[in-house]
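Colleague: Compute the structure for the input listed below.
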Amino acid sequence: MSKAGGYRKSGDNFVLRQPGYQFTILAQGSNPNQCHVDIVHPVDPEAPAKPLIIALHNWAVFGRGWTLYRNDKNVTGPSEFTTRSWENRGQDKSEALVLTTIRKADGAPSQRNADTSEMIYSVTKTSE
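Modeller: The predicted structure is shown next:
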């Protein structure tokens, strides 16, 4: 499926490079119910990952009826984490989408001219 979307295999991962963006679908880890995507994207001076947040919020809330679950920022050691997450709990499964943008503790981008974020999608069966 990743190849069909224009992704190229890079080791165990799949990478899509576009002007200003790079998406890396990480190899499946020990939890088969989660998908991790690392994103390198342009710096938004108004808010970390603003265009990504708007797109994900519109997809989750308006497109699928999910609920915004978390919206916070904290500093831990040398890093600032801005996290937003959405959830959808159904009878048979629970889905969650999390986007965390990582910057330096002072709010500066983690890379020279780009921000980095991690997106995690998970699905858990709630009944058998």
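
Colleague: what are the ranges of the strands in the chain?
Modeller: Ranges of strands in the chain, per DSSP state E, are 8-10, 13-18, 21-25, 34-41, 67-76, 79-89, 93-104, 115-125.

Colleague: Let's have those strands in JSON lines, adding distance to L52 and mean neighbour count.
Modeller: Any C-beta I mention is one placed from the backbone N, CA and C, and that applies to glycine too. Formatted as JSON lines, those follow (distance: least, CB to CB, whole Å; neighbours: other CB atoms under 10 Å):
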{"stretch": "strand 8-10", "distance to L52": "21", "mean neighbour count": "10"}
{"stretch": "strand 13-18", "distance to L52": "13", "mean neighbour count": "15"}
{"stretch": "strand 21-25", "distance to L52": "9", "mean neighbour count": "17"}
{"stretch": "strand 34-41", "distance to L52": "6", "mean neighbour count": "18"}
{"stretch": "strand 67-76", "distance to L52": "14", "mean neighbour count": "12"}
{"stretch": "strand 79-89", "distance to L52": "9", "mean neighbour count": "17"}
{"stretch": "strand 93-104", "distance to L52": "6", "mean neighbour count": "19"}
{"stretch": "strand 115-125", "distance to L52": "6", "mean neighbour count": "16"}
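
Colleague: Need those in TSV (columns: mean pLDDT).
Modeller: Shown next, in TSV, are the strands of the chain (pLDDT from 0 to 100):
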stretch	mean pLDDT
strand 8-10	93
strand 13-18	94
strand 21-25	95
strand 34-41	96
strand 67-76	96
strand 79-89	96
strand 93-104	96
strand 115-125	95
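
Colleague: Same list (these) but as CSV, adding distance to K50.
Modeller: Output for those, formatted as CSV (distance: least, CB to CB, whole Å):
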stretch, distance to K50
strand 8-10, 27
strand 13-18, 17
strand 21-25, 14
strand 34-41, 10
strand 67-76, 13
strand 79-89, 10
strand 93-104, 10
strand 115-125, 10
